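In: Below is the sequence, then the predicted model.
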Amino acid sequence: MLLFGVRTGVDADPVPRLGRFRTLRLAGVDERAARDLISATMSRPLSEAAVGRLVFEAGGNPLALLELPSLLTPPQLAMWTRGHDPLPIASLLEQAFCGSIRYLGEETTEALPLLATLGRVPPAVLDRALGAAGLDRSAFEPAERTGLLVESDSGPEFRHPLVRSAIYPTSLGSHRRRAHLCAAQILDESGLPNALESRVASGGRRRVG
């Protein structure tokens, strides 16, 4: 017996060549199963706010839910729940969700951590942040072709919450720092909340440019 695993949303999708074989499309676990996994793996009860945020950020991925006890202490989890940071994930999940990032161009690898830092913002705010970094939306096109991003009515979004989580550790430190500085500047000017502002890289509140 041979099993072929194919991830949807990538450029070189071999599914048409495998059309004569029986296929099974797998989805993530539902919310109830996700909550059961969290309950089974955490050593102490969690607040409803923490559980709800974990379920959303894991996006139905059971491996992410199983790894949580080794990634966050209870105090760290409490702090993370009150903020807007993406879920920290381990190297196995980083490779699964962002293994293709190393093949993208310089502009794309700089634009992705900026999108991850901003989170969900109005399109005009995203465009201003890209402009502050010397970029525009065309920088996202290679990531859309490889399936890291999808285009929605409000603009580019990560195809899965864990892609956003994996962008941070797989990005260059210089790109992360610039993303934080650009996001802090633009969000401050726009009046939108920025949970990451308190830990922007050493440049602090200085202007970008």
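Out: That came through fine.

In: From what I see, Glu151 and Ala143 are in contact.
Out: No: in this structure, Glu151 is not within contact of Ala143 by Cβ atoms under 8 Å, at 10.7 Å. C-betas here are computed from N, CA, C, even on glycine.

In: what about these two, which has more around it?
Out: Each of Glu151 and Ala143 had its neighbours counted (other Cβ atoms under 10 Å), and the higher figure belongs to Ala143 (26 against 12).

In: what about the closest residue to Leu118 other than its chain neighbours, how many neighbours?
Out: With sequence-adjacent residues excluded and distances taken as Cβ to Cβ, 6 or more residues apart in numbering, Leu118 is closest to Ala183, at 5.3 Å. Ala183 sits with 28 neighbouring residues when counted by other Cβ under 10 Å.

In: Next one: Ala183 relative to Arg32, how far apart?
Out: Distance, Ala183 to Arg32, by Cβ to Cβ, to the nearest Å: 35 Å.

In: picking up where we left off before, now for the host helix or strand of the residue nearest to Leu118, which elements pack on it?
Out: Assigned by DSSP states H and E, Ala183 belongs to helix 173-190. Where contact means 3 or more Cβ pairs under 8 Å, 6 or more residues apart in numbering; DSSP states H and E, helix 173-190 is packed against helix 106-118, helix 123-132.

In: Most tightly packed of those helices?
Out: helix 106-118 (a mean of 23; mean count of other Cβ atoms under 10 Å).

In: contacts for that one?
Out: Applying Cβ atoms under 8 Å, 6 or more residues apart in numbering, the external contacts of helix 106-118 come out as 86, 101, 104, 125-126, 129-130, 133, 135, 138-143, 148-149, 156, 158, 164, 167-168, 171-172, 175-176, 178-180, 182-183, 186-187, 196.

In: For ChimeraX, write the select line for the buried members of those.
Out: Here is the ChimeraX selection string for the buried members of those, based on 16 or more other Cβ atoms under 10 Å:
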select :86,101,104,125,126,129,130,133,135,139,140,141,142,143,148,149,156,158,164,167,168,171,175,176,178,179,180,182,183,186,187,196
